[in-house]
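[1] kindly return the folded structure for what I paste below:
(2 chains)
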Amino acid sequence: MQALTNRAKLVERKPMNLLERLYLPAVFKGMTITFGHMFKKRPTINYPEKKRPFSPVFRGLHILNRDEEGRENCTACGLCAVACPAEAITMEAAERVPGEEQLYHEEKYAAKYEINMLRCIFCGLCEDACPKDAIYLSETFAPADYQRSQFVYKKEELLIPHPIHEPDAYKKALGNRVQRGKVNQ
Amino acid sequence: MLIAIDLAMILVKLVLIVIVVMASLLIAMYATYAERKVAAVLQDRRGPNRAGPFGILQPVADGIKLFFKEEIIPNLSSKFLFILGPSMAMLTAIMTSAIVPWGDTIHLFGRDISLQIADVNVGILYVFAVVSMGVYGIMIGSWASNNKYSLMGGLRAASQIISYELAMGITIISLLMVTGTLSLKEMVIQQQQGAWNVFYQPLGFLLFLICAFAECNRTPFDLSEAENELIGGYHTEYSSMKLGFYLFSEYINMFISSVIMSTLFFGGYDVLPFVDESAWGLSQNWMAIIGLAALMIKVVCFLFLFMWVRWTIPRFRYDQLMNLGWRILIPLALLNMLVTGLVVLLKMNHWHF
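    Below you'll find the model as predicted:
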């Protein structure tokens, strides 16, 4: 039979000679290899103390964005829910009443907004679908939990911290990703 | 009274026993930690580093975990033997340390205290007797578990130890022909004055080392607990601290066999080969302490070797193990014995045939 590549090697199956049957040369060879590994750089990092940077295109947990004055951007149009291939997003709309102008950017807002993180595939289509710059995938991932129900994230968990009341937390939650989105618009 | 009982001597011996037992337990404890660290380093990992700084409390955490585990004794097991097994493994592991000369004599409270619990004149034979008893712990435990995998592990352990003890015994014979004494203390003194035995018996040392690996049931010879064939081997049915005893006795055995190898072949508490330490002009106590430290350094090197080999070499197949033991090690040991005997005879005859 003709070999397909020139890399094929014929395996020699001759009986071992005395030196090989002693195993010692092979043992010493192996030991030098493992000894060399003692001085190699270890790829592991000490995780909770040290974290690897996320890639700029990392898609993590969702955040519901606010504008500069801290008003919620979402108008509950439902485009994200329609775009979602995993059908993870549900919402209920409500009308803004006079006196709530400081809370909501437009006349309509999401009274209820839930994302099931067990269904979500973190594809980012909701982010693309949103016409109001309201939903983004941030640079964090969902923490572990004991109950499935805990993975249905409510509006309180999704909303970004207030930019005026909690500026530091807001900046942290914003990350680099939202700015990147703004550039795209 | 025919025998004058020296109460102070008994007290000193008791204190020594407590110190030696505690120290060997402590060293075995940290050998488990060292094993995990060495394994990690050899495999480019980090190893335990959560419990305490650098993970040095890891063995304590492991011990506490084992203590709080549920203790399960199988219904159809032979209960007495089931408990006897691990106890015996532990007992024999600790007993060996009784005759090891840990250091020279120190002078304290107006007495000369030898850092050796008992200078038995059949020293090395005692070690052999006790070490071979160690397999009883494994055999009894494995049989009492009433589990075929356990029993297979026990059988393997027994036949392996018998096979390798032969080669080890023959190696010791050639060593004894060189030293002419069985007492470990005597051997150390000879090595202090002359050269270390490893220079007279290099092949003997190599054979002894390989057999020591087999006696300790360490990888590449840990056929008796081959996880992928026998679940857990002889300790399949064990849980809680009884399992801890088995695992722990392995480390104590490792420590003791390192000590024995250092004593037999590397001069025990002799600091440097071919150097007359008495010329350094240090006091007796300092010399004893330096000697103890030298012994410990040798032991640590051996322990590292044990771990290094374990994390390098995969387990032997059973027929390979038996081939190595019976068809390679024993003939080599016999050859070594013959050559040694010839040379010793020639030397006694002042190199005339």
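
[2] so the nearest residue in space to B:Trp280 that is not next to it in sequence is in which element?
    Leaving aside its chain neighbours, B:Trp280 sits nearest to B:Met287 (7.7 Å; criterion: C-beta to C-beta, 6 or more residues apart in numbering or on different chains). For the C-beta atoms, the positions are set from N, CA and C on the backbone; glycine is no exception. Using DSSP states H and E, the element containing B:Met287 is helix B:284-310.

[3] ok, then the element right after that helix?
    Counting by DSSP H and E, the next helix or strand C-terminal to helix B:284-310 is helix B:318-322.

[4] by contact count, what packs against that next one?
    With contacts defined as 3 or more C-beta pairs under 8 Å, 6 or more residues apart in numbering or on different chains; DSSP states H and E, helix B:318-322 has these neighbours: helix B:148-179.

[5] got the contact list for the next helix or strand after the helix it packs on?
    The helix or strand immediately downstream of helix B:148-179 is helix B:184-193, counting by DSSP H and E. Contact with helix B:184-193 is made by B:99-101, B:114, B:116, B:119, B:123-124, B:127, B:179, B:181, B:197, B:263-264, B:267-270, B:277, as judged by C-beta atoms under 8 Å, 6 or more residues apart in numbering or on different chains.

[6] repeat for stretch B:247-261
    With C-beta under 8 Å, 6+ apart, stretch B:247-261 has contacts from B:24-25, B:27-29, B:31-32, B:35, B:86, B:89-90, B:92-94, B:96-97, B:100, B:127, B:131, B:134, B:137, B:205, B:208-209, B:212, B:215-218, B:235, B:295, B:298-299, B:302-303, B:306.

[7] let me know the average pLDDT across the helix holding B:Met287.
    What helix B:284-310 shows for mean pLDDT is 87.

[8] sec struct for the residue nearest the centre of chain A, please.
    In chain A, the centroid-proximal residue (C-alpha atoms, centre = their mean) is A:Gly60; its distance is 2.8 Å. The three-state label given to A:Gly60 by DSSP: H, G, I helix; E, B strand; the rest coil is coil.

[9] quick one: it and A:Phe122 touch, right?
    Yes - the criterion here is C-beta atoms under 8 Å, and A:Gly60 meets it with A:Phe122 at 7.0 Å.

[10] what is in contact with those two at once?
    The contact lists of A:Gly60 and A:Phe122 share A:Leu137, where a contact means C-beta under 8 Å, 6+ apart.

[11] returning to what we had before: okay, now the residue nearest to B:Trp280: neighbour count?
    Counted by other C-beta atoms under 10 Å in any protein chain shown, the residues lying close to B:Met287 total 20.

[12] check the one 10 residues further on too.
    Around B:Ile297 there are 12 other residues, counting by other C-beta under 10 Å.

[13] that one and B:Tyr269, how far apart?
    11 Å (C-beta to C-beta, to the nearest Å).

[14] buried residues in stretch A:150-164, which are they?
    Within stretch A:150-164, the residues that count as buried by 16 or more other C-beta atoms under 10 Å in any protein chain shown are A:151-153, A:155, A:157-161, A:163.

[15] can you tell me which two in those are farthest apart?
    The most widely separated members of the buried residues of stretch A:150-164, counting by C-beta to C-beta, are A:Phe151 and A:Pro163 (27.3 Å).

[16] would you map the strands across chain A?
    A:62-64, A:89-95, A:108-116, A:135-137, A:152-153 (DSSP state E).

[17] could you point out which of those sits nearest chain B?
    strand A:152-153 (30.2 Å; C-beta to the nearest C-beta).

[18] kindly check the end-to-end length of stretch A:88-106 for me.
    Stretch A:88-106 has an end-to-end distance of 24 Å (C-alpha to C-alpha, to the nearest Å).

[19] and the residue nearest the centre of chain B, helix, strand or coil?
    Against the mean C-alpha coordinate of chain B, by C-alpha atoms, centre = their mean, the closest residue is B:Ser257 at 1.9 Å. Under the three-state scheme (three-state DSSP), B:Ser257 adopts helix.

[20] for it, give its distance to chain A.
    18 Å (C-beta to the nearest C-beta, to the nearest Å).

[21] what's the closest non-adjacent residue to residue 133?
    Reading this off chain A. A:Asn73 (5.7 Å).

[22] oops, I was thinking of chain B
    Leaving out its chain neighbours, B:Met133 is closest to B:Thr92 (C-beta to C-beta, 6+ apart), at 4.5 Å.

[23] what kind of secondary structure is that neighbour in?
    B:Thr92 ends up helix, using three-state DSSP.

[24] how many neighbours does it have?
    For B:Thr92, the count of nearby residues is 22 (other C-beta under 10 Å).

[25] tell me the contacts of the residue nearest to the centre of chain A?
    A:54, A:122, A:137-141.

[26] and the lowest-mean-pLDDT helix or strand in chain B, which residues are buried?
    Within chain B, confidence by mean pLDDT, DSSP states H and E is lowest for strand B:111-114 among all helices and strands, at a mean of 74. With burial defined by 16+ other C-beta under 10 Å, the residues of strand B:111-114 counted as buried are B:113-114.

[27] how about stretch A:133-142?
    Residues A:133-139, A:142 are the ones in stretch A:133-142 that count as buried (16+ other C-beta under 10 Å).

[28] tell me the two of the residues you listed that are most distant?
    Greatest spacing in these, by C-beta to C-beta: A:Asp133 and A:Ala142 (22.8 Å).

[29] tell me the buried residues in the lengthiest helix in chain B?
    Criterion DSSP state H: the longest helix present in chain B is helix B:7-42. Across helix B:7-42, burial judged by 16+ other C-beta under 10 Å covers B:12-13, B:16, B:20-21, B:24-25, B:27-42.

[30] now stretch B:159-170
    Buried-residue list, stretch B:159-170, by 16+ other C-beta under 10 Å: B:159-161, B:163-168, B:170.

[31] returning to what we had before: state the distance from the residue nearest to the centre of chain B to A:Leu159.
    65 Å.

[32] ok, B:Thr340 next?
    Counting by C-beta to C-beta, the gap from B:Thr340 to A:Leu159 is 84 Å.

[33] before we move on, what about B:Val41?
    In terms of C-beta to C-beta, B:Val41 sits 47 Å off from A:Leu159.

[34] ok, B:Leu305 next?
    According to C-beta to C-beta, B:Leu305 stands 60 Å off from A:Leu159.

[35] could you do A:Ala88 as well?
    Distance from A:Ala88 to A:Leu159, by C-beta to C-beta: 17 Å.
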